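Chemist: structure, please.
(2 chains, ligands or ions: 1)
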Amino acid sequence: MICPRCDTDKVELMAKSPVGNAWEMYICKTCTYSWRSTETPNKTDPKLYNAKFKIKPESIPSMLVIPPVPPLKG
Amino acid sequence: MSEAGLKDIQIPSGKTGSTKAYHDLRSFLATLEAEGQLVRVKDEVDPEEIGAAGRASANLKNGPAVLFEKVKGYANPVVTNVHGSWANHALMMGMDKDTPVKEQFLELSRRWDLYPVGPKRVTNAPVNENTVTENINIFDIISLYRINTYDSGCFLSKACIVSADPEDPTSYGKTNLGTYRMQVKGKDKLGIQALPFHDIGLQLSKAEALNQPVPIAICLGCDPITTFMASTPIRYDQSEYDYVGALNNGVPMEITKSATLGLEIPAGCEICIEGYIEPRLRECEGPFGEFPGSYSGARLQAVVRITAISYRTNPVFENLYLGIPWSEIDYLMALNTSVPLYKMLKDTFPEVQAVNAMYTHGIGVIVSTKVRFGGFGKAVAMRLLTTPHGMAYNKIIIVVDEYVDPFNLEQVMWAMTTRVDPDKDVSIIKNCPGMPLDPSSNPPGMHNKLIIDATTPKAPEVVSRETELLTPPAGTEKWEGIIAQLVKAARK
Ligand SMILES: [Zn+2]
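Modeler: As a prediction, this is how the structure comes out:
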């Protein structure tokens, strides 16, 4: 399975619906995007995911860190 | 989960127009329902429809809370828009649902001064009826859903987060209550936005310097004043719980120990998630549709590991929609932003009558004040810009005379159109602290400020023309009564 947002294949099953077999939820281990199998294709299909919200995996390490990690004491 | 979770949730019957304090969410939902301010959706809904319903209800004048009894694939109900109208806001304070906003403001301001009202400690709180510590799966208990289309996942948008001092986790005085957005990242894992200027940001920084985890309890579905207080800016050394008692008109808040970590939590909450913020770890979080009406970007943010979940039987998941104002969050953060700013201003300028800081969390503010001499209105605005909260949040400040109701925008526009000489009454103060979530803040965290002094000029300022205000003709009040009666009769 491919992540709709960052197009990597490091996707895991996050949860199955607790009642019935209604849906599954998946999460991308690269960008932490998650989605439900029953959502519309603009949220689940890598080809239809809004380009403005796509994330390049190589951009993740240089994202702003909130809050900054302080230096270790002692 | 048992089938019981799918049945109608039982909420006790409420009292109309009572001034009672609510100790849990369910008793408040009962009042809302009795007052026509809560609707139930009995048919099964898709989880991702709940955000749309929250948006829709906030679009209505005095929109109700919406309770979803059956959410597809889940065991438990969801409620949204609980604070999402002035009627619900008034009912939260035990006032009549038609109470005007300025009256709600003045009542809140009066109760504010009752601080501190210490809490009552209780045992056997309903939230500790059920506790899971192994094979934790948040989806079993909470009916999670995506709020806005390009949110990076399901978010808790209305969680009351209790965080402890890492060195003294059971200390009442060092316990903090706040609302921070949380992204669901696994069955037992969450992301948290802890901005450096938030109290939890301070605690995290202190713990991370020692490579220690921060114990937290994430409480969902609290009584309405506790949720209100969790998003109220107060000083780090003040207690949110002691304010809840004050805002409930002197009725102490009920707190209890969380099931496994022993943190002091709101006893009336529906669900309590316990866990730790992992030290020195950051992970991709967001975007998330935020209160300025646009998405915040993806950032590297802190991570929470869940160690236990406790919950009332058939827990109701309370969450809010946020989007282009106004939505529920704008009601929730309206008067609790206005009153603290009013108190800070009033401290040095007793002439100030009221502060309306409810435009995008205080980015826009209207101050009503008596004017003692020329330039006074502008001085009041500059004082606001040097208060701890106003310094970063307030950007556009309008000052009006004491007889203008700052919560009545028609009156404010009247003051602006008839009192402002753009050449002398409009000032821009460059290069000040700003609110990073404001998309016009450039660079994020910096701002130029705008002051519009719409008060009537006073000496020694040159007063070129006297202003003689109109007063209502004699008999106006009598006629208000007569016309109201006639309208009522005509509608029968
Ligand atoms: Zn991804």
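Chemist: B:Gly84 reaches B:Ala58, doesn't it?
Modeler: Yes: between B:Gly84 and B:Ala58 there is a contact under CB atoms under 8 Å: 4.8 Å. (C-beta placed from N, C-alpha, C; glycine too.)
Chemist: identify the contacts common to the two.
Modeler: Residues touching both B:Gly84 and B:Ala58 (CB atoms under 8 Å, 6 or more residues apart in numbering or on different chains) are B:Tyr321, B:Ser327, B:Glu328, B:Tyr331.
Chemist: got the contact list for the third one?
Modeler: Read that as B:Glu328. B:Gly54, B:Ala58, B:Thr80, B:Asn81, B:Val82, B:His83, B:Gly84, B:Leu320, B:Tyr321, B:Leu322.
Chemist: tell me which of those residues is nearest to B:Glu283?
Modeler: Lowest distance from B:Glu283 to the contacts of B:Glu328 (CB to CB) belongs to B:Leu322, with 22.6 Å.
Chemist: what's the burial count for the closest residue to the closest one other than its chain neighbours?
Modeler: Distances taken as CB to CB, 6 or more residues apart in numbering or on different chains put B:Ile329 closest to B:Leu322, at 4.2 Å, once the chain neighbours are dropped. Neighbours of B:Ile329 under the rule other CB atoms under 10 Å in any protein chain shown: 25.
Chemist: over to the one 4 residues further on?
Modeler: Around B:Met333 there are 23 other residues, counting by other CB under 10 Å.
Chemist: is it true that it touches B:Ile363?
Modeler: No: B:Met333 is beyond contact range of B:Ile363, at 11.2 Å (criterion: CB under 8 Å).
Chemist: related to what we said a few turns ago, so which of the shared contacts of B:Gly84 and B:Ala58 belong to helices?
Modeler: B:Glu328, B:Tyr331 (DSSP state H).
Chemist: enumerate the residues of chain A near chain B.
Modeler: A:5, A:14-15, A:17-20, A:22-23, A:25, A:27, A:30-36, A:38-39, A:42-43, A:50, A:53, A:55, A:60, A:63-74 (CB under 8 Å from any CB of the partner chain).
Chemist: only whichever of those are buried, select them in ChimeraX.
Modeler: Applying 16 or more other CB atoms under 10 Å in any protein chain shown to the residues of chain A next to chain B, the buried members can be selected in ChimeraX as follows:
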select /A:5,14,15,17,18,19,22,23,25,27,30,31,32,33,34,35,36,38,39,43,53,55,60,63,66,67,69
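Chemist: buried residues, stretch B:445-454. List them.
Modeler: Within stretch B:445-454, the residues that count as buried by 16+ other CB under 10 Å are B:His447, B:Lys449, B:Leu450, B:Ile451, B:Ile452, B:Asp453, B:Ala454.
Chemist: distance of the residue nearest to the spatial centre of chain A relative to B:Lys206?
Modeler: Central residue of chain A (CA atoms, centre = their mean): A:Tyr33, 1.5 Å from the mean position. Applying CB to CB, to the nearest Å, the value for A:Tyr33 to B:Lys206 is 32 Å.
Chemist: right, and the ion sits closest to which residue of the stretch 251-400 of chain B?
Modeler: Closest to the ion within the stretch 251-400 of chain B is B:Cys284: 8.3 Å, counting by CB to the ion.
Chemist: and the lowest-mean-pLDDT helix or strand in chain A, how far from the chain's centre?
Modeler: In chain A, the helix or strand scored least confidently by mean pLDDT, DSSP states H and E is strand A:65-66, which has a mean of 92. On the basis of CA atoms, centre = their mean, to the nearest Å, strand A:65-66 is displaced by 18 Å from the centre of the chain it belongs to.
Chemist: neighbouring strands of it in the sheet, and parallel or not?
Modeler: According to DSSP bridges, strand A:65-66 forms sheet pairs with strand B:299-311 (parallel).
Chemist: residues of the partner strand that come out buried?
Modeler: So for strand B:299-311, counting by 16+ other CB under 10 Å, buried means B:Arg299, B:Leu300, B:Gln301, B:Ala302, B:Val303, B:Val304, B:Ile306, B:Ala308, B:Ile309, B:Ser310, B:Tyr311.
Chemist: returning to that earlier point: so the residue of the stretch 251-400 of chain B closest to the ion, which of the three states?
Modeler: Under the three-state scheme (DSSP: H, G, I helix; E, B strand; the rest coil), B:Cys284 adopts strand.
Chemist: what pairs with it across the strands?
Modeler: B:Leu300.
Chemist: do B:Phe155 as well
Modeler: Bridge pairing for B:Phe155 - DSSP bridges - gives B:Gln183.
Chemist: pull the number of nearby residues for it.
Modeler: B:Phe155 is flanked by 26 other residues according to other CB under 10 Å.
Chemist: that one and B:Gly268, how far apart?
Modeler: Taking CB to CB, one finds B:Phe155 at 23 Å from B:Gly268.
Chemist: what's the closest of the shared contacts of B:Gly84 and B:Ala58 to B:Asn431?
Modeler: Relative to B:Asn431, the closest of the shared contacts of B:Gly84 and B:Ala58 is B:Ser327; by CB to CB it sits at 31.8 Å.
Chemist: for that closest one, which non-adjacent residue is spatially closest?
Modeler: Nearest non-adjacent residue to B:Ser327 (CB to CB, 6+ apart): B:Ala58, at 4.3 Å.
Chemist: which of the residues in the helix or strand harbouring the one you found are buried?
Modeler: Here B:Ala58, judged by DSSP states H and E, is contained in helix B:50-59. Buried positions in helix B:50-59, judged by neighbour count with 16+ other CB under 10 Å: B:Ile50, B:Gly51, B:Ala53, B:Gly54, B:Arg55, B:Ser57, B:Ala58.
Chemist: just checking, the last one touches B:Trp326?
Modeler: Looking back up the chat, that one is B:Ala58. Yes: between B:Ala58 and B:Trp326 there is a contact under CB under 8 Å: 6.3 Å.
Chemist: would you tell me what the next helix or strand after the helix or strand harbouring B:Leu29 is?
Modeler: Assigned by DSSP H and E, B:Leu29 belongs to helix B:25-34. Moving toward the C-terminus from helix B:25-34, the next helix or strand (DSSP H and E) is strand B:38-41.
Chemist: paired strands for that following strand, with orientation please.
Modeler: Partners of strand B:38-41 in its sheet, by DSSP bridges: strand B:65-68 (parallel).
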